[in-house]
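*Asks:* Give me the fold of what follows.
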Amino acid sequence: MISIIPFEPIFTSVFRRLNMDWLEAYALTEAHDLVLLDNPVNEIIDPGGCIFLAAEGGEIIGCAGLMKTGERDYELVKMTVVKAARGRGISKLLLQRCIDQARENGGYRLTLLSNHQLTEAISLYTRFGFTHIPMEPSPFALADVHMQLLISAAPEHTESSSPAAVPGEGQTN
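*Replies:* Predicted coordinates:
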C-alpha cells in the first residue's frame, strides 16, 4: 500500500537521489536544482512550503514539493516517481496532495516550471487542470514550460487596492 508522508530531514539524501535520477536522465540538471536538493529544509520548507514522499513497504518511491512563492502563490517542485513504480497512479496521489495542501494553506495559484521533454508529466498537469502561461524570468535556464492552476477564489480587492497590489502578482519563480 502506498502512503503519502511528510518529508523529514532524514530523507534529504533520498529526495536528492530521486530527483537527480530524472534530472540526469534528461540532461536537465542546473545549479539551482542542486541548491534545492541539497538544502530542502532551508529552501523549500522553512519559507512556508512542504515536501511529500510516497512510501511503500518502507521504501521511498516518489516525492513532490510545494514551495511558497508569494502571499497566496505556491510552486510545485521536484515531483518524481522511481521508474519501477511509474504507471500506478503515484504521481496523481502526490500531485493531489500538493494541491490539497496549497488549498488548505489559503493558496490562490499553484504554478510549475518544466521542460518540453517531460511529456508525460505535462500531460498529467493538464489533466489536473493546469494551463500553459507565458514564461517568466527563472533560475532554471532549461525550463521552457510554465503552467498554473487556480486553486481558490481570486483575492478580493478593497477600494484602496489596485491590480498591482494583488498578492503574488508579478512574482517570479
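
*Asks:* Going by C-alpha atoms from here, please, whenever you check contacts or count neighbours.
*Replies:* OK.

*Asks:* Look up how far Glu136 lies from Ile151.
*Replies:* Per CA to CA, to the nearest Å, Ile151 is found 20 Å from Glu136.

*Asks:* Mind checking which of those two has more residues around it?
*Replies:* When Ile151 is set against Glu136 and neighbours are counted by other CA atoms under 10 Å, the residue ahead is Ile151, at 19 against 14.

*Asks:* Hmm, Phe130 is touching Ile151, no?
*Replies:* No: using CA atoms under 8 Å, Phe130 is not in contact with Ile151, being 9.9 Å away.

*Asks:* Where do the helices of this structure begin and end?
*Replies:* 12-25, 31-38, 40, 90-104, 119-127 (DSSP state H).

*Asks:* OK, contacts around the nearest residue to His146 once chain neighbours are set aside?
*Replies:* In space, and not counting its chain neighbours, His146 is closest to Leu113: 4.7 Å by CA to CA, 6 or more residues apart in numbering. Applying CA atoms under 8 Å, 6 or more residues apart in numbering, we find Leu113 in contact with Leu76, Val77, Ala143, Asp144, Val145, His146, Met147.

*Asks:* If we use 10 Å, what do you get?
*Replies:* Residues near Leu113 by CA atoms under 10 Å, 6 or more residues apart in numbering: 75-78, 122, 135-136, 138, 140, 142-148, 173.

*Asks:* Asp38 now?
*Replies:* Thr12, Ser13, Phe15, Arg16, His32.

*Asks:* What separation is there between it and Asn115?
*Replies:* As judged by CA to CA, Asp38 and Asn115 stand 21 Å apart.

*Asks:* re the thing from before, most neighbours of all the contacts of Asp38, which one?
*Replies:* Neighbour counts for those (other CA under 10 Å) peak at Phe15, which has 27 neighbours.

*Asks:* How confident was the prediction at that one?
*Replies:* In this model, Phe15 is scored at 98, pLDDT.
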